[in-house]
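J.: after the sequence you'll find the predicted model.
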Amino acid sequence: MLKRFFAVVLTLSLVLAWVAVPAPAVAQDEIDCMGAEGSEVSILAVWTGEEENKFVTALAPFVDACDITINYEGTREFTTVLDTRIQGDAAPDVAVMPNPGALTTYIDNLVALDSLGVTTDNYAASWVNIGTVNDMWVGVPIKTDIKSLVWYSPVRWDNQGYPVPADWEEMILVMDLMVEDGVAAPLAMGFESGGATGWTATDFTQDILLRTQGGEFVAGLASGATAWNDPAVVEAWGLYANWAEMYSAGGAEGAISTSFSDAILQPFGDPPEAWAVKQSGFAGTAVIQSTYPDYVYGEDFAFFVLPTADGEPVPMQVGGDFLAAFNDTDAVRALLAYLTSAAGANAWAAAGFDLTPNSAVDVSNYTDPISADKAAALLEAPDVSFDVGDLMPGGLGQVEFDSITAVVGGADAAETLGEMEAAVNEVIGE
């Protein structure tokens, strides 16, 4: 049982006492309370409902061990609330930034993590780089989902004699065979998403570039070091547009008009409209399994990592949330020490709250095989590459969405990317 309650502040600022939740099995002697026993720490995040409950569960061993009260506020109006608190000199002790770009926005208010005793031991260098602003590490990656996945039906592929491709060339050969067989399109590439139409397409083009140019080149698109109209980017976008026409269910027009959620299901209906869909990790549980609860993971649906040119691994594309500190207290230090430790990583896995970027996690602590397999894929990747659209400031992510939609619709890739480069230069400079 929890020794202290969680004070939960909802969007309407109603304060509730959080009831005790089952704590994942973590030995309390693994948790260093740093002298913070009996104190409080305030946390602001966007998580409400089920997400909030999972976060509470992940923190339960820490609360139990240290007798700390967590004053948690979950709100979808995160930026407005945080700005108001900062202006009123009442910033939360820590906040979970929904994207790393927010770290830059609030850099003048944040405490350097190394000054709080936080180490980088359990994080890949790229995770640390993403959480670093002006040479100061200020953001701990706390939750992630992986994007470089292809979802398919193993039983249906086996019945057709299609192998899981080992490299890029084999993937193209398999897709050409699927076209020749004429049963279904090779790929479901629909990316309609209302005002955010295009985001799944930009995820795909980023993964193409990771396989052709590498992580440093891709990171440069967000920083300005790589030109958006670089010939390699033009080629990657042109390849994606060609694939939409040649391999997608409904062709290029279908890719633009089919919602991304409908596209996820196209390989799994009866009969299937496509053989596979390239989509993030959430697709497995949140869409496929929830739509087809009788489907068995590993048989009716599964994933493989998008192949590379030579079969060797490349950085895994990811999205995620970052924890940042506004105050330096014993409770803040203890919380950060817990979350960046093996104990915190394993409690996060047991809570079932997506994936932890903490490499000290034992994947056996994940409570479902889908998450365990995704976690293993993340740990096997040599590095990570954060979603470029989430790294860029000033609405440039939306410009990227609109640009790829235009190219798939027939616009010239070089010309469109030249306009994208101009927009980037206007926001972040030449």
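T.: Thanks, I have it. Note that this is a predicted model, so its numbers are computed, not measured.
J.: so Val388 sits right up against Thr205, yeah?
T.: No: the pair Val388 / Thr205 is not scored as a contact, 9.3 Å apart, by C-beta atoms under 8 Å. To be clear about C-beta, it is placed using only N, CA and C from the backbone, and glycine gets the same treatment.
J.: break this structure into its domains for me.
T.: 6-146+320-375, 149-316+386-428 (automatic domain parsing).
J.: make a markdown table out of the ones you listed and add mean pLDDT and mean neighbour count.
T.: Converted to a markdown table, these look like this (pLDDT from 0 to 100; neighbours: other C-beta atoms under 10 Å):
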| stretch | mean pLDDT | mean neighbour count |
| --- | --- | --- |
| domain 6-146+320-375 | 90 | 19 |
| domain 149-316+386-428 | 97 | 19 |
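J.: where do the helices sit along the stretch 201-350 of the chain?
T.: Ranges of helices within the stretch 201-350 of the chain are 215-223, 231-247, 251-257, 260-265, 282, 290-291, 330-339, 342-351, based on DSSP state H, counting those that start in this stretch.
J.: all helices of the stretch 1-150 of the chain, in order?
T.: Assigned by DSSP H, counting those that start in this stretch, the helices in the stretch 1-150 of the chain fall at 49-66, 78-87, 101-105, 125-130.
J.: please identify which of those is closest to Gly410.
T.: Gly410 lies closest to helix 101-105 among these, at 31.3 Å (C-beta to C-beta).
J.: got the CA coordinates for that closest one in CSV?
T.: Extracted in CSV, the C-alpha atoms of helix 101-105 (Å, rounded to 0.1, in the frame of the first residue of the first chain):
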residue,chain,number,x,y,z
GLY,A,101,11.2,21.6,-28.4
ALA,A,102,9.6,22.8,-25.2
LEU,A,103,13.0,22.5,-23.4
THR,A,104,14.2,25.3,-25.6
THR,A,105,11.2,27.4,-24.8
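J.: that helix - contacts with which helices or strands?
T.: In terms of contacts (3 or more C-beta pairs under 8 Å, 6 or more residues apart in numbering; DSSP states H and E), helix 101-105 is packed against strand 316-325.
J.: now for the strand it packs on, which elements pack on it?
T.: Helices and strands touching strand 316-325, by 3+ C-beta pairs under 8 Å, 6+ apart, are strand 94-97, helix 101-105, strand 140-146, helix 199-212, helix 330-339, helix 369-380, strand 384-386.
J.: angle of that strand against helix 215-223?
T.: Per axes from the mean of the first three to the mean of the last three C-alpha atoms, to 10 degrees, the angle that strand 316-325 makes with helix 215-223 is 50 degrees.
J.: so what are the sheet partners of strand 316-325 and their directions?
T.: In the sheet containing strand 316-325, its partner strands are strand 94-97 (antiparallel), strand 140-146 (antiparallel), strand 384-386 (parallel), by DSSP bridges.
J.: kindly export the first one (C-alpha atoms) in CSV.
T.: Yep, that's strand 94-97 we're talking about. Presented in CSV, the C-alpha positions along strand 94-97 are these (Å, rounded to 0.1, in the frame of the first residue of the first chain):
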residue,chain,number,x,y,z
VAL,A,94,9.2,19.1,-12.5
ALA,A,95,7.3,19.0,-15.7
VAL,A,96,7.0,16.4,-18.4
MET,A,97,7.5,18.1,-21.7
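J.: surely Ser42 and Val81 touch.
T.: No: assessed by C-beta under 8 Å, Ser42 is found out of contact with Val81, at 12.0 Å.
J.: give me the distance between the two termini of stretch 260-280.
T.: End-to-end distance of stretch 260-280: 11 Å, with C-alpha to C-alpha, to the nearest Å as the criterion.
J.: before I go, just wanted to say thanks for your time.
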